[in-house]
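Student: Just a sequence and a predicted model for now, questions to come.
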Amino acid sequence: MSALDDRPAAANFVRDLVIADCEQGTFGGRVQTRFPPEPNGYLHIGHAKAITVDFDLAAEFGGVCNLRFDDTNPDTEDASYVKAIVDDIGWLGYEVATPLYASDYFLQLVDWAVLLIRQGKAYVDEQDGETISEQRGGYGNPGTESPHRDRPIEENLDLFARMRAGELDEGAAVLRARIDMQHENMQMRDPVMYRIRARHHHRTGDGWKIYPTYDWAHGQSDAIEGITHSLCTLEFDGHRPLYDWYLDQLADAGVLPYEQPRQSEFARLELTHTVTSKRKLLQLISDGVVDGWDDPRMPTLRGLRRRGYPAESIRDFCRFIGVSRTNSRNEIELLESFVRTRLNAVAQRRMAVLRPLEVVIDNWPTDDSGVPLVEQVELINNPENADDGTRTAPFSGRFWIEQDDFKAEPPPKYYRLTPGREVRLRGAFFVTCVGLDTDADGNVERVHVTYDPETRGGNASDGRKVKSTMHWVSADHAVDVQVALYERLFSAEIPGEATGDVFDDLNPNSRELLEDCKAEPALGDATLGSVVQFERLGYFAHDLHAPLLFHRTVGLRDEWANIQKRKG
RNA sequence: UGGGGUGUGGUGUAAUUGGCAACACGACAGUUUCUGGUUCUGUUAUUAGGGGUUCGAUUCCCUUCACCCCAACCA
């Protein structure tokens, strides 16, 4: 654990609740949480918040957090997602001893359902879904009771057994809790506990013909595992009375193995310029807007990872934004600031030129046969970390600079290379612009400079200063690389706010692939997946597979860009 | 239409439960610097509105308003 991880957990209402429970001995001093994803999609930044809250809270109070797959709907779930989710959680930095599955409790759940039937608290309803829905009533109007609501217990037992045995067709019947069709909370109007679904399940195979609903499975799974604090998002707030009702019945029957767990809800994470809805992420892929779940523009953990976001920075962010019940949306800039903070400390510096402009040193020395001499200059790997040491880079009479770093006619406050001005080439020499070559259209093709041999290493012996230090890459030694530049996937802060359709706010320039970039030779020794800083440009991640492809993780804070933006 | 939830700067969270509204991001102005990065400093708020109780209210009471969630055999 690094220094940033040591900061005390921020105050929040859930943590206060846990502290109060510990003081009062509510759960015998135990704290146990769970993260319950449904294995039907990939984890994204929103899940990262839930994971961080669930795992950190348990860890802080000496408890454990279970990873439990909520695999109660065989229609959409798949084993491949299970694997990816376990993998992503591990990458985020959390240890999962053994993944658990709601499907492991199917037998227990059925036993408990039978218990409720015997107590007259559940019944089989043979009406179709549409009828049941109509009878549920609406906001303000009470529901009406099913004609099957008062059928004899033996009949319910028999019908439920037949549902389970596969003797009834899909949709022919459901098991319902017998609560209150007049209840002002819709969730309490005799909710469905089981539906008939003769499907293959990724873990239980073809044995089950009925599957429990979320509400019936979730709280009971919590109880079986000994969960104390069942944390979920705000939209489940209305389900809490039902969560408690089921557990109350089982507690009254004396069958719960642990203290009765409690559910608390907090606001989900929303980010500006980002969508996290599973449906919309899927559509981005199927429409070909992005390349897949791990496209560096995706808010998925796999995407962020490929983009170069350190797992620690995601955790820092999730810890910092807090836990509350206020619907809110965090600025993506905050996430990026945590990424920069982490990367600034650990990323080694390298030089690369994205849009090359050739510079020739007119007074550079040659050997007897007219070949330019080559100097090796020493460069610091990371000014933030002396232990990273130094490296050398070749320097000769021709090099590349960024097109942006030269202006024939400089705008106000521009202090990079311009005719007549002297600048420093990082770690090398001072050079002064003495001329330029242009093509037929007047575009700058090449810049001519002279260098001062007395400035070797980057300092003038007479102590004179220059306004600007620029990065460069020796033209005769450059490594050709490709760089993918990324901007926000959605240009609007709140995608879809204006028209109702998030896809109207897609940024057409979310990716720009630069094929003709020049990098210093040290970049040739790629460590796949690692992140470096290209000096003055930003942080760039080596692709996981292609050694000479770099993804821009995030740019450096750029005051010059702000100055230009302000001028419009 | 009924029920539930939430309102603190541009943004997100705090405030020892009635005592100078704090932290961070962003923005702006400086500082430092061989990265227009980093560092450091400063500026950026009548706590949704209106009443009340009190010496004193983000906190307690009344009231108005705004936003979010709920009528899947999804989770």
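Tutor: Looks like it came in fine.

Student: ok, now which ones touch the residue of the stretch 251-400 of chain A found nearest RNA strand B?
Tutor: Closest contact between the stretch 251-400 of chain A and RNA strand B, by Cβ to the nearest atom of the strand, is at residue A:322 (3.0 Å). (C-beta placed from N, C-alpha, C; glycine too.) Listed by Cβ atoms under 8 Å, 6 or more residues apart in numbering, the contact set of residue A:322 reads A:10, A:12.

Student: does it count as helix, strand or coil?
Tutor: The local conformation at residue A:322, judged by DSSP: H, G, I helix; E, B strand; the rest coil, is coil.

Student: likewise residue A:447?
Tutor: strand.

Student: can you count the residues close to it?
Tutor: 22 (other Cβ atoms under 10 Å).

Student: Tell me what it is bridged to.
Tutor: Per DSSP bridges, the residues bridged to residue A:447 are residue A:359, residue A:436.

Student: and stretch A:74-92, what's its mean pLDDT?
Tutor: For stretch A:74-92, mean pLDDT is 97.

Student: contacting residues around that stretch?
Tutor: A:35, A:37-43, A:48, A:51-52, A:67, A:69, A:71, A:96, A:99, A:197, A:199-203, A:211, A:301-302, A:305, A:311, A:314-315.

Student: Centre of the chain to that stretch, how far?
Tutor: From the chain centre to the centre of stretch A:74-92 is a distance of 15 Å (Cα atoms, centre = their mean, to the nearest Å).

Student: what does stretch A:171-186 give?
Tutor: Worked out by Cα atoms, centre = their mean, stretch A:171-186 lies 38 Å from the chain centre.

Student: circling back: quick check: pLDDT value at the residue of the stretch 251-400 of chain A closest to RNA strand B.
Tutor: At residue A:322, pLDDT is 95.

Student: if you go through the stretch 51-200 of chain A in chain order, where are the helices?
Tutor: A:79-92, A:106-118, A:129-135, A:153-165 (DSSP state H, counting those that start in this stretch).

Student: who in the stretch 401-550 of chain A is up against RNA strand B?
Tutor: Residues of the stretch 401-550 of chain A lying near RNA strand B by Cβ under 7 Å from any atom of the strand: A:413-416, A:424, A:426-427, A:457-459, A:468-470, A:533, A:535-536.

Student: Report the residue ranges of every domain in chain A.
Tutor: Taking automatic domain parsing as the reference, chain A has its domains at A:1-98+A:267-343, A:348-566.

Student: tell me the most buried of those domains?
Tutor: With neighbours defined as mean count of other Cβ atoms under 10 Å, the domains of chain A peak in mean count at domain A:1-98+A:267-343, which reaches a mean of 18.

Student: ok, residue A:75 to residue A:170 distance?
Tutor: Separation of residue A:75 from residue A:170 (Cβ to Cβ, to the nearest Å) stands at 11 Å.

Student: Need the residues touching each of these two.
Tutor: Counting by Cβ under 8 Å, 6+ apart, the residues touching both residue A:75 and residue A:170 are residue A:197.

Student: average pLDDT for stretch A:176-185?
Tutor: Stretch A:176-185 comes out at a mean pLDDT of 97.

Student: Flag every buried residue along that stretch.
Tutor: By 16 or more other Cβ atoms under 10 Å, the buried positions in stretch A:176-185 come out as A:176, A:177, A:178, A:179, A:181, A:183.

Student: ok now do the residue nearest to the fourth one when sequence neighbours are not counted, which residues does it touch?
Tutor: In this case it means residue A:179. Spatial nearest neighbour of residue A:179, excluding adjacent residues (Cβ to Cβ, 6 or more residues apart in numbering): residue A:188 at 4.9 Å. Residue A:188 makes contact with A:179, A:180, A:241, A:242, A:245, according to Cβ under 8 Å, 6+ apart.

Student: what's near enough to touch the closest residue to RNA strand B within chain A?
Tutor: RNA strand B sits closest to residue A:458 of chain A, with a gap of 2.2 Å, by Cβ to the nearest atom of the strand. Contacts of residue A:458 were listed using Cβ under 8 Å, 6+ apart, and they are A:424, A:425, A:426, A:427, A:428, A:429, A:430, A:469.

Student: name the element it belongs to?
Tutor: Using DSSP states H and E, residue A:458 sits in no helix or strand.

Student: Next, it: phi, psi?
Tutor: Per-residue torsions, residue A:458: phi 110, psi 10 (degrees, to the nearest 10).

Student: Of all pairs in the residues of the stretch 401-550 of chain A next to RNA strand B, which one is the farthest apart?
Tutor: Using Cβ to Cβ, the two most remote members of these are A:413 and A:457, lying 28.1 Å apart.

Student: My guess is residue A:457 contacts residue A:430. True?
Tutor: No: look at residue A:457 against residue A:430 with Cβ atoms under 8 Å: they stay out of range, at 10.5 Å.

Student: Show me where the stretch 401-550 of chain A has its strands.
Tutor: Shown for the stretch 401-550 of chain A, the strands assigned by DSSP state E, counting those that start in this stretch span residues A:422-425, A:430-438, A:444-451, A:469-470, A:473-474, A:479-486, A:511-519, A:531-534, A:538-542, A:549-555.

Student: And the first one, what does it pack against?
Tutor: Right, the one you point to is strand A:422-425. Counting contacts by 3 or more Cβ pairs under 8 Å, 6 or more residues apart in numbering; DSSP states H and E, strand A:422-425 is packed against strand A:430-438, strand A:469-470.

Student: What strands line up against that strand, and which way round?
Tutor: Going by DSSP bridges, the partners of strand A:422-425 are strand A:430-438 (antiparallel), strand A:469-470 (parallel).

Student: Now do the shortest one: everything it contacts.
Tutor: Taking contacts as Cβ under 8 Å, 6+ apart, the residues outside strand A:469-470 that touch it are A:401, A:402, A:405, A:416, A:417, A:423, A:424, A:425, A:426, A:458, A:536.

Student: for the nearest residue to the second one once chain neighbours are set aside, what are its contacts?
Tutor: If the residues on either side of it in the chain are set aside, residue A:402 comes closest to residue A:353, at 5.5 Å by Cβ to Cβ, 6+ apart. Applying Cβ under 8 Å, 6+ apart, we find residue A:353 in contact with A:400, A:401, A:402, A:471, A:472, A:473, A:478, A:517, A:518, A:519.

Student: cool, residue A:41 as well?
Tutor: Residue A:41 touches A:81, A:278, A:281, A:282, counting by Cβ under 8 Å, 6+ apart.

Student: On the three-state scheme, it is what?
Tutor: coil.

Student: That one and residue A:300, how far apart?
Tutor: Following Cβ to Cβ, the distance that separates residue A:41 from residue A:300 is 9 Å.

Student: that older thread, could you check the distance from the residue of the stretch 251-400 of chain A closest to RNA strand B over to residue A:360?
Tutor: Residue A:322 sits 56 Å away from residue A:360, going by Cβ to Cβ.

Student: likewise residue A:428?
Tutor: 15 Å.

Student: now residue A:442
Tutor: From residue A:442 to residue A:360 the distance is 19 Å (Cβ to Cβ).

Student: do residue A:546 as well
Tutor: Taking Cβ to Cβ, one finds residue A:546 at 32 Å from residue A:360.
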